[in-house]
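K.L.:
Sequence first, then the predicted structure:
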Amino acid sequence: MGSSESTSVSSDDQPRRVGLIYDDRMCKHSSPDDDYHPENPNRVRAIWNKLQSSGIHQRCVVFNAQEAEDKHIASVHTKKHIDLIKTISSNKFDSQRHKIAAKFNSIYFNEGSSEAAHLAAGSVIEVAEKVAKGELNSAFAIVRPPGHHAEEDEPMGFCLYNNVAIATRFLLNERAKLGINKILIVDWDVHHGNGTQKMFWKDPRVLFFSVHRYDFGSFYPAGDDGSHIMTGEEPGVGYNINVPWESGRCGDADYLAVWDHILIPVAKEFNPDMIMISAGFDAAINDPLGGCCVTPYGYSVMLNKLMEFAGGKIVMALEGGYNLDSLANSVLACVEVLLEDKPVTGSYEAYPFESTWRVIEAVRAELNAFWPALAEKLPEKLPSRKTPQIQISSSDSEGEHGSGPEKVTEDLEEAVIQPFAELKVAEYCYAPEIPLSPWRSELAMIYVWYAAYGSNMDKSRFRCYIKGGKVEGMRRTCSGSRDRSQPKKILWKTLPHRLFFGREHTGAWGPGGAAFLHPESNVLDKAYLCLYKITLEQFNDVLVQENGLNHDMTSPLFDLTALDSLASKRSISVEVRKRGWYRNVVYLGKEEGVSILTMTCTLSDIERFKSGKVAMCTPAKEYVNTLVRGLVEGKQLSKEEARAYIKEASTKAL
């Protein structure tokens, strides 16, 4: 592959030298058996084709990739991790790759994975060193597999090696004489850069900035790592900045508000010697995984604002981005900025969401002790778009309860105190030609009874799993299901199973045990269950939320085959996931000809509870109040009887 000098002229009439790395060998990494996967070779091919058709590659210095050396990868990854990635493509793993990949979160391997991973890491190292030396002004590494989710000892989220982290550590530790002592990493991928964050958690030489969908901890990679309160530790405290969107649909105005009121003021104080960008483009409009609405113009403005720092020494490394058109157009817009080929022009008429200002204020409040510029007051009148919310009714009419079917109305929302989160699929941004996963339309035609025995006995609490939101006492907001229609019916049953409470803390309720149902029946036991008639599609969405998972939902966790097997064999459980407290789906018979399903722990978990390896624990006060409300409003027990029922369940040994 040839190379050519940049003939673009910067503002000081000096030619810009912008590096590009593209190498077909990184296309060898693909999903086994040619199964469709969003992270596929067409991503980088689409980018390269766009750059070639525009002729812009001829104004750049183009390089072939070089494989990274193990010693450089070892600066952020363990030997065990390196050995796995280095050898996974060898013949000895031919029959085991799928099984090994299944042990990790959203990972696949094939015969080309090892080479591609080493080339991706080596590419970012190579251009980073050239920019640091001054041989290039800036560069874009068109690499895959991506890297920012890869942790020290584990690949995850399509990422094998953490390319940006490896190059950053290489410059700081191996090329200190080049004078790059402070590096700003900007991660604008729609997903939080969990791996990068952990690698520089205590390192004040690196300011890590990530703006991402968070959805109150439910959006990939989930958990608390992406929260704004995660600010670093020890010498690195204050050098980790997370800007977590509450939901999808954020666009140019939202991102640029964050740039103007958080990133740019902090960057001025930090004064980096160089900027590394984890350049994911899955926040782009029409991306099938991101659900946000950033345009190519928006990306160009964000990048242009960063060009004012570090003398424009910027290295961009491709991360996510799965709509090929948006991806290619956004990269082209960024390369034009790096070349200073033409001034950034355009406009954005929309205002940021109301929730965007809420997030900005929370981030500034958390970090203003470290960055004085963030202590300054924001303008009193901030323009915003109102985030659509579900109207909360004040009616107390909830119809008839008891053992018979119940008419479900919008009035059940009255106890919900948090504005409901937006759909995970951002229908407001998606082009109509992008279809939903085929399984959804199939499972939307099948009904099941979901049997709730814990806090979901309270209808308002269960509604959070359908509509999104949270009820009083909850610490975490639910994202909701794609289909937000109400259950067709609600009824109550008592079944011969044991209710108990285990574990010591939950993300939703804080300290205290969570409710579990013993998977095996016992005539001496009696449990109250509230049955919701929902679709099998909704059941899958509830299953994902109950387990705190980040299943990509290109396929269901629990499908018709699993349902047929469960019902016909009358087996007790099906393990739908290797992790998650409620990964065990249990068949409880039929009602009105429709299967009754619940989700609870596994029998192996029961043994861990019995042995004391996992603690039995009484539930938190707010959690108990929710259970009591469900039982009382369902007219199953009086308030005193409900409390006695819960007390016995939480104190009686298994």
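P.N.:
Arrived safely, thanks for sending. Everything numeric in this text was worked out from a predicted model, so none of it was measured. Numbering: from 1, shown residues only.
K.L.:
Residue 293 - nearest residue in space that isn't next to it in sequence?
P.N.:
residue 251 (3.6 Å; Cβ to Cβ, 6 or more residues apart in numbering). C-beta here means a position set from N, CA and C on the backbone, and glycine is covered the same way.
K.L.:
Wait, that neighbour touches residue 350, no?
P.N.:
Yes - using Cβ atoms under 8 Å, residue 251 is in contact with residue 350, at 6.3 Å.
K.L.:
Give the residue from those two that has the larger number of neighbours.
P.N.:
residue 251 (24 against 12; other Cβ atoms under 10 Å).
K.L.:
how much space between the residue nearest to residue 293 and residue 357?
P.N.:
Distance of residue 251 to residue 357, computed by Cβ to Cβ, to the nearest Å: 15 Å.
K.L.:
The closest residue to residue 456 other than its chain neighbours: how many residues sit nearby?
P.N.:
Nearest residue to residue 456 in three dimensions, chain neighbours excluded: residue 462, at 4.2 Å (Cβ to Cβ, 6+ apart). Other residues near residue 462 number 25, with proximity taken as other Cβ under 10 Å.
K.L.:
Point me to the residue sitting closest to the centre of this protein.
P.N.:
Centroid check for the chain by Cα atoms, centre = their mean gives residue 220 as the closest residue, at 1.5 Å.
K.L.:
Can you tell me the SS state at that one?
P.N.:
Each residue gets one of three states, and residue 220 gets coil by DSSP: H, G, I helix; E, B strand; the rest coil.
K.L.:
Please apply the same query to residue 586.
P.N.:
strand.
K.L.:
That one contacts residue 596, correct?
P.N.:
No - using Cβ under 8 Å, residue 586 is not in contact with residue 596, being 9.1 Å away.
K.L.:
low-confidence ranges in the stretch 201-350 of the chain?
P.N.:
For the stretch 201-350 of the chain, residues meeting the criterion pLDDT under 70 lie at 342-349.
K.L.:
go on, the stretch 351-500 of the chain?
P.N.:
Those would be 386-436, if you go by pLDDT under 70 across the stretch 351-500 of the chain.
K.L.:
what does the stretch 1-150 of the chain give?
P.N.:
In the stretch 1-150 of the chain, residues with pLDDT under 70: 1-14.
K.L.:
cutoff 80 now
P.N.:
Applying pLDDT under 80 to the stretch 1-150 of the chain picks out residues 1-15, 33-35.
K.L.:
Near the closest residue to residue 479 other than its chain neighbours, how many residues? Count them for me, please.
P.N.:
Excluding the flanking residues, the one nearest residue 479 by Cβ to Cβ, 6+ apart is residue 218, at 4.2 Å. When neighbours are counted by other Cβ under 10 Å, residue 218 registers 24.
K.L.:
Next, the contact list for residue 218, please.
P.N.:
Applying Cβ atoms under 8 Å, 6 or more residues apart in numbering to residue 218 gives the contacts 421, 476-479, 545, 548.
K.L.:
re earlier: name the element the residue nearest to residue 456 belongs to?
P.N.:
Under the criterion of DSSP states H and E, residue 462 resides in helix 459-467.
K.L.:
helices or strands next to whichever helix or strand comes after that helix in the packing?
P.N.:
Using DSSP H and E, the helix or strand that directly follows helix 459-467 along the chain is strand 490-495. For strand 490-495, the packing partners by 3 or more Cβ pairs under 8 Å, 6 or more residues apart in numbering; DSSP states H and E come out as strand 527-535, strand 584-591.
K.L.:
By mean pLDDT, show me the worst of those.
P.N.:
For the helices and strands packed on strand 490-495, mean pLDDT drops lowest on strand 584-591, to a mean of 92.
K.L.:
Could you check how far the residue nearest to residue 293 is from residue 214?
P.N.:
17 Å.
K.L.:
Likewise for residue 462?
P.N.:
Counting by Cβ to Cβ, the gap from residue 462 to residue 214 is 23 Å.
K.L.:
Repeat that for residue 559.
P.N.:
Residue 559 is 29 Å from residue 214, by Cβ to Cβ.
K.L.:
for residue 484, same thing?
P.N.:
20 Å.
K.L.:
Look at those two and report which has more neighbours.
P.N.:
In this view residue 484 and residue 214 are compared by other Cβ under 10 Å, and residue 214 has more residues nearby, 24 against 15.
K.L.:
The more buried one against residue 194, yeah?
P.N.:
No - counting by Cβ under 8 Å, residue 214 does not reach residue 194; the two are 11.6 Å apart.
K.L.:
Give me the pLDDT for residue 593.
P.N.:
89.
K.L.:
what's the residue nearest to residue 456 in contact with, if anything?
P.N.:
452, 456, 530, 532.
K.L.:
Can I take it that the second one is in a helix?
P.N.:
Yes - secondary structure assignment (three-state DSSP) places residue 456 inside a helix.
K.L.:
for it, what are its contacts?
P.N.:
462, 465, 530, 532, 630 are the contacts of residue 456 under Cβ under 8 Å, 6+ apart.
K.L.:
Pick out the most distant pair among those residues.
P.N.:
465 and 630 (13.7 Å; Cβ to Cβ).
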